[in-house]
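A.B. asks: all I have is the shape, not the residue letters:
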């Protein structure tokens with residue numbers, strides 16, 4: 001059995017020449033885990049934040065069995081499964097995807113982590129590890145040096161008494177943490193994050209966000225600009241918040257239109273949980289349905305009349321328009337003729353031509369030096 005990392009794919013995530021499914025940090029982490037010695041007993045290794053399967057499949061090839069993993073993005077989960085079925089089909093029964101919590105981490109001796117961009121996301125993961133894995137667990141966390149900071153060591157140090165850094169290799173490094181701190185020495189739980197935002201409603205809109213949700217509980221400036229100009233048809237009964245994040249748009253729509261129900265979707269499990277928490281904080285749980293989905297894959301063609309989108313302009317640490325175009329195209333697919341997609345985007349990205357092509361006639365609703373709001377009507 002030999003795993004060819006070059007055959008790893010990102011599918012069903014966006015694929016392009018400059019978007020890789022494996023990097024030097026993944027390889028370094030697997031090599032150092034092997035040098036330290038893999039736990040021999042099944043069920044003792046956990047992988048967190050593996051993007052497309054390099055860590056999961058690398059550990060399986062090294063002889064790890066009963067592996068448990070958590071990946072926030074649904075596209076990442078599906079990519080790991082697809083790569084496993086293609087490259088290591090005989091071992092697909094030797095790993096499980098689980099949510100952050102006791103079942104994922106109980107009894108773990110070694111936790112491998114692909115370092116996230118956000119310090120909050122790292123802290124949330126470590127809090128679960130420290131609570132559920134036990135005092136003897138070792139955490140090995142890898143990243144590209146250009147995306148790492150001493151603050152990551154500090155976050156690890158809040159939960160572990162010993163934190164060391166490997167030598168760099170191919171611009172990557174591994175942080176190793178051991179000796180879980182006693183409960184009294186760890187930070188108090190602080191997730192979900194909480195904030196209230198004045199959006200011209202009778203009361204401030206309450207936002208909740210778990211750590212892996214992009215932007216946390218803050219109000220994204222593009223979202224604020226969109227909400228200042230967003231207008232639904234007077235007879236609208238249902239809307240879709242695509243890429244719902246912390247649920248601000250879904251909650252704003254529901255609060256501003258008492259007869260409206262909202263379907264909020266995101267590929268991130270953390271974002272879905274955040275939107276549900278935001279809905280509950282504003283007494284809207286009965287009118288907002290949050291689901292984890294790959295774009296709008298679970299909705300049929302021509303089934304919706306109103307979609308709202310604030311698309312991301314990056315994928316991981318790479319600026320790339322692919323994910324935005326994927327979301328715009330799927331919005332166009334699910335809109336019925338005459339339905340509208342309202343979108344806000346960084347003006348320099350110039351999405352209007354793609355909106356015309358993928359959805360239909362597009363008008364500019366508002367523009368400032370940074371953002372453009374458009375409304376596109378399905379042909």
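C.D. replies: Received, thanks. Since the model is a prediction, treat every value here as computed from it, not as a measurement.
A.B. asks: wait, a helix at residue 65?
C.D. replies: No: looking at residue 65 with DSSP: H, G, I helix; E, B strand; the rest coil, it is coil, so not inside a helix.
A.B. asks: was I right about it contacting residue 42?
C.D. replies: Yes: using Cβ atoms under 8 Å, residue 65 makes contact with residue 42 at a distance of 4.2 Å. Heads up, the C-betas are built off the backbone N, CA and C, glycines and all.
A.B. asks: the two: which has the busier surroundings?
C.D. replies: Between residue 65 and residue 42, counting by other Cβ atoms under 10 Å, residue 65 is the more crowded of the two (17 against 11).
A.B. asks: what residues are up against the more buried one?
C.D. replies: Taking Cβ atoms under 8 Å, 6 or more residues apart in numbering as the criterion, residue 65 is in contact with 42, 43, 94.
A.B. asks: mind listing what's buried in whichever helix or strand residue 83 is part of?
C.D. replies: According to DSSP states H and E, residue 83 maps onto helix 74-87. Judged by neighbour count (16 or more other Cβ atoms under 10 Å), helix 74-87 contains these buried residues: 74, 75, 76, 77, 78, 79, 80, 82, 83, 84, 87.
A.B. asks: separation between the closest residue to the second one other than its chain neighbours and residue 130?
C.D. replies: By the measure of Cβ to Cβ, 6 or more residues apart in numbering, the closest residue to residue 75 outside its immediate chain neighbours is residue 13, 4.2 Å from it. Between residue 13 and residue 130 the computed distance is 30 Å (Cβ to Cβ, to the nearest Å).
A.B. asks: same question, residue 303
C.D. replies: Per Cβ to Cβ, residue 303 is found 44 Å from residue 130.
A.B. asks: out of the two, which sits in the more crowded spot?
C.D. replies: Using other Cβ under 10 Å as the criterion, residue 303 and residue 130 rank with residue 130 on top: 24 against 14.
A.B. asks: nearest residue to that one in space, please, no chain neighbours.
C.D. replies: residue 159 (4.5 Å).
A.B. asks: now residue 123
C.D. replies: Spatially, and ignoring its direct neighbours in sequence, residue 123 is nearest to residue 155 (5.1 Å; Cβ to Cβ, 6+ apart).
A.B. asks: how is that neighbour assigned, secondary-structure-wise?
C.D. replies: Applying three-state DSSP: residue 155 is helix.
A.B. asks: point out where the stretch 1-150 of the chain drops to low pLDDT.
C.D. replies: Along the stretch 1-150 of the chain, the parts satisfying pLDDT under 70 run over 1.
A.B. asks: now do the strands in it.
C.D. replies: Remark: strands assigned in the stretch 1-150 of the chain by DSSP state E, counting those that start in this stretch are 45-48, 67-70, 95-97, 110-114, 138-144.
A.B. asks: mind giving me the packing neighbours of the shortest one?
C.D. replies: Helices and strands touching strand 95-97, as assessed by 3 or more Cβ pairs under 8 Å, 6 or more residues apart in numbering; DSSP states H and E, comprise strand 67-70, helix 74-87.
A.B. asks: take the ones you listed and write them to a markdown table, including distance to residue 352.
C.D. replies: Formatted as a markdown table, the helices and strands packed on strand 95-97 follow (distance: least, Cβ to Cβ, whole Å):
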| stretch | distance to residue 352 |
| --- | --- |
| strand 67-70 | 38 |
| helix 74-87 | 26 |
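A.B. asks: can you tell which of these is closest to residue 248?
C.D. replies: Of all the helices and strands packed on strand 95-97, it is helix 74-87 that lies closest to residue 248, at 20.8 Å by Cβ to Cβ.
A.B. asks: how about residue 194, what does it touch?
C.D. replies: 206, 207, 208, 217, 281.
A.B. asks: next one: the second one from residue 187, what distance?
C.D. replies: So that's residue 207. For residue 207 relative to residue 187 (Cβ to Cβ), the value is 22 Å.
A.B. asks: which of the two has more neighbours?
C.D. replies: The residue with more neighbours, out of residue 207 and residue 187, is residue 207; 28 against 13, by other Cβ under 10 Å.
A.B. asks: that one - that's part of a helix, no?
C.D. replies: No: under the criterion used here (three-state DSSP), residue 207 is strand, not part of a helix.
A.B. asks: for residue 325, see how far away it is.
C.D. replies: Distance from residue 207 to residue 325, by Cβ to Cβ: 28 Å.
A.B. asks: what of residue 297?
C.D. replies: Taken as Cβ to Cβ, the span from residue 297 to residue 325 is 16 Å.
A.B. asks: for the helix or strand hosting residue 307, packing partners?
C.D. replies: For residue 307, the host element (DSSP H and E) is strand 304-309. Applying 3+ Cβ pairs under 8 Å, 6+ apart, we find strand 304-309 packed against strand 238-242, helix 322-334, strand 335-346.
A.B. asks: pLDDT of the longest one, averaged?
C.D. replies: If I follow you right, that is helix 322-334. In this model, helix 322-334 has a mean pLDDT of 93.
A.B. asks: list the buried residues in it.
C.D. replies: By 16+ other Cβ under 10 Å, the buried positions in helix 322-334 come out as 323, 324, 325, 326, 327, 328, 330, 331, 332, 333, 334.
A.B. asks: redo those as JSON lines? Include distance to residue 54.
C.D. replies: Listed next are those as JSON lines, based on distance: Cβ to Cβ, whole Å:
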{"residue": "323", "distance to residue 54": "20"}
{"residue": "324", "distance to residue 54": "25"}
{"residue": "325", "distance to residue 54": "26"}
{"residue": "326", "distance to residue 54": "22"}
{"residue": "327", "distance to residue 54": "26"}
{"residue": "328", "distance to residue 54": "29"}
{"residue": "330", "distance to residue 54": "27"}
{"residue": "331", "distance to residue 54": "31"}
{"residue": "332", "distance to residue 54": "33"}
{"residue": "333", "distance to residue 54": "31"}
{"residue": "334", "distance to residue 54": "33"}
